[in-house]
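A.B. asks: Have a look; sequence and predicted model below, questions after that.
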Amino acid sequence: MPPADNVMEKLGSLAKRRGFVFQSSEIYGGLGSVWDYGPLGVELKKNIKERWWRSMVHEREDIEGLDAAILMHPKVWEASGHVAGFTDPLVDCKQCKNRFRADDPRLKGPPGDPNTKCPVCGNKGTLTAPRMFNLMFKTFMGPVEEQAAVIYLRPETAQGIYVNYLNVLQSSRQKIPFGIAQIGKAFRNEITPGNFIFRTREFEQMEMQFFVKPGSDGEWFEFWRAERLKWLQGLGIRAERLRWHQHGKDELAHYAKDAYDIEYEFPFGWQEFEGIHNRTDFDLSRHQEHSGKKLEYVDTATNERFVPYVIETSAGADRTALVVMCDAYHEDDVEGEKRVVLRFRPSLAPLKAAVFPLVNKDGMPELARKLYDALRGQFNVFYDDGGSIGRRYRRQDEAGTPFGITVDGQSTQDGTVTVRDRDTLKQDRVDSGRLVDYLRDKLAG
Ligand code: ATP
């Protein structure tokens, strides 16, 4: 294989080699912009989602959790504006039939112009002028494929929260201000060249909608901006690679009063991976109008009635996982040899430790297995007895495993083992009876 010389290529091949992410349906040639998470990737994404859920739902008394269905009444998407407006301007090549976003950087010159070349087949003047294309996936509900049976795969999780606003309010007995949080799949028929898991057609969102009294929305908007940044820094992401981008008037979505993206400096440039939006009362008012069901809040203390404003924090779980992977990716020089290491924060690392017998004899494998069995009940750990110890360390460095536990000759004498730290490469000798406490201590945070 030729050497992969850009970071995204290197990360993509590492992700495949170590079992983080695979292309969907790879044996059939793959499915464009759809990815599967392998044994390590599913753990990484789960750790991110669990951390988000803990900080949003468990640690706050004013936020409730929800898991709404992906399929929703088609009127939801009329009310939300997605049927009419969830569109991207696209350009078709009449020659090779490829389709591009009108802002595709590979397009040199205005599409529709006789001198503009198609970036794939290279023909001049074959590109159509931009046309609007709806990004929602359509399908049919029930046995008959007719217009009346059309439903959509949700393009965002937020609408499931709005239509359940009253259900949650009433059943949880919350009072405004309060929020509803949800993690779930969303689908967009994106037309775009890859960038790995950055922009995919099926992805997961971690969204929280915070319902507030109109007039207090500005203050809550700032509150949630600060909270989200704090949370991201808690993932260990380098501060200098994060920045805010406030939407200008021309960028603001039709429903938004104010919006900020949190951007990360990916190897391919600064890009959004989370948004904080002041959605005003747009969504609840629209659902009230379209459903005919009152979605007002009644303040029992003052008898005031109002449709709440919504501050939304909307993050992609996959894009956040990509941020975490890009930020963790390092190439070190260890005694003249290149080492690739993913420096995940230990709490996010898919595997917390790997257990190695130094050699496969003299009682070492038996002791190592015993230790592995004891640790498995507490942490996600891995057992590896294949190849030289150096190679086993390197494999775990690429997996981002923070600790390597080696059972050596001394272990069989006095019950101690060495624990190698992935980042400092320092080795501690630890009594195997103390190993669980030792790891728990180091893994906190
Ligand atoms: P973009 O401009 O990149 O298309 P967006 O502004 O449409 O994104 P939102 O609708 O605000 O994105 O969605 C919130 C979050 O959901 C994004 O910040 C991103 O993390 C995630 N997201 C949106 N679309 C995708 C996608 N196609 N693939 C992966 N994640 C996505």
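C.D. replies: Looks like it arrived, so ask away.

A.B. asks: residues in contact with the helix or strand hosting Gln413?
C.D. replies: In this structure, Gln413 sits in helix 409-414 according to DSSP states H and E. Here helix 409-414 makes contact (C-beta atoms under 8 Å, 6 or more residues apart in numbering) with Leu358, Asp362, Gly363, Met364, Leu367, Thr416, Val417, Arg429, Ser432. Glycine gets a C-beta too; all of them are placed from N, C-alpha and C.

A.B. asks: next one: stretch 368-380
C.D. replies: Contacts of stretch 368-380 (C-beta under 8 Å, 6+ apart): 43, 350-353, 355-357, 381, 383, 385, 405, 407, 417, 432, 435-436, 439-440, 443.

A.B. asks: Among the residues you listed, name the buried ones.
C.D. replies: Buried residues within the contacts of stretch 368-380, counting neighbours by 16 or more other C-beta atoms under 10 Å: 43, 350-353, 355-357, 381, 383, 385, 405, 407, 417, 432, 435, 439, 443.

A.B. asks: returning to that earlier point: so for the helix holding Gln413, what gets flagged as buried?
C.D. replies: Buried residues in helix 409-414, counted by 16+ other C-beta under 10 Å: Ser411.

A.B. asks: After it, heading C-terminal, what element do we hit next?
C.D. replies: Using DSSP H and E, the helix or strand that follows helix 409-414 in sequence is strand 416-421.

A.B. asks: What strands flank that next one, and is each parallel or antiparallel?
C.D. replies: strand 403-407 (antiparallel), strand 427-431 (antiparallel) (DSSP bridges).

A.B. asks: which residues of the stretch 51-200 of the chain fall in strands?
C.D. replies: For the stretch 51-200 of the chain, strands defined by DSSP state E, counting those that start in this stretch occupy the ranges 63-66, 87-92, 99-101, 131-134, 138-140, 150-152, 178-187.

A.B. asks: Return the most buried member of these.
C.D. replies: Across the strands of the stretch 51-200 of the chain, averaging neighbours per residue (mean count of other C-beta atoms under 10 Å) puts strand 178-187 on top, at a mean of 21.

A.B. asks: nearest residue to Leu44 other than its sequence neighbours?
C.D. replies: Using C-beta to C-beta, 6 or more residues apart in numbering and skipping the chain neighbours, the partner closest in space to Leu44 is Pro350 (4.9 Å).

A.B. asks: Correction: the previous question concerned Asp103.
C.D. replies: Pro89 (7.8 Å).

A.B. asks: quick one: that neighbour and the ligand, what's the gap?
C.D. replies: Computed with C-beta to the nearest ligand atom, to the nearest Å, the distance linking Pro89 and the ligand is 13 Å.

A.B. asks: quick one: pLDDT of whatever residue of the stretch 101-250 of the chain ends up closest to the ligand?
C.D. replies: Residue nearest to the ligand within the stretch 101-250 of the chain (C-beta to the nearest ligand atom): Phe203, separated by 3.6 Å. Among the per-residue scores, Phe203 shows a pLDDT of 97.

A.B. asks: quick one, what contacts it?
C.D. replies: By C-beta under 8 Å, 6+ apart, the contact set of Phe203 is Lys185, Ala186, Phe187, Arg188, Ile197, Gly316, Ala317, Asp318, Arg319.

A.B. asks: where does the stretch 51-200 of the chain have low pLDDT?
C.D. replies: 192-194 (pLDDT under 70).

A.B. asks: which parts of the protein sit against the ligand?
C.D. replies: 156, 188, 190, 199-200, 203, 205, 272-275, 314-316, 318-319 (C-beta under 6 Å from any ligand atom).

A.B. asks: buried subset of those residues?
C.D. replies: For the residues of the chain next to the ligand, buried by 16+ other C-beta under 10 Å: 156, 188, 190, 199-200, 203, 205, 273-275, 314-316, 318-319.

A.B. asks: okay, which residue is most central for the chain?
C.D. replies: Nearest residue to the geometric centre of the chain (C-alpha atoms, centre = their mean): Ala317, 1.7 Å.

A.B. asks: which phi and psi does it have?
C.D. replies: Backbone torsions for Ala317, taken as degrees, to the nearest 10, come to phi -70, psi -40.

A.B. asks: what kind of secondary structure is the closest residue to it other than its chain neighbours in?
C.D. replies: Distance criterion C-beta to C-beta, 6+ apart; nearest residue to Ala317, sequence neighbours excluded, is Glu204 at 3.9 Å. Under DSSP: H, G, I helix; E, B strand; the rest coil, Glu204 falls in the strand class.
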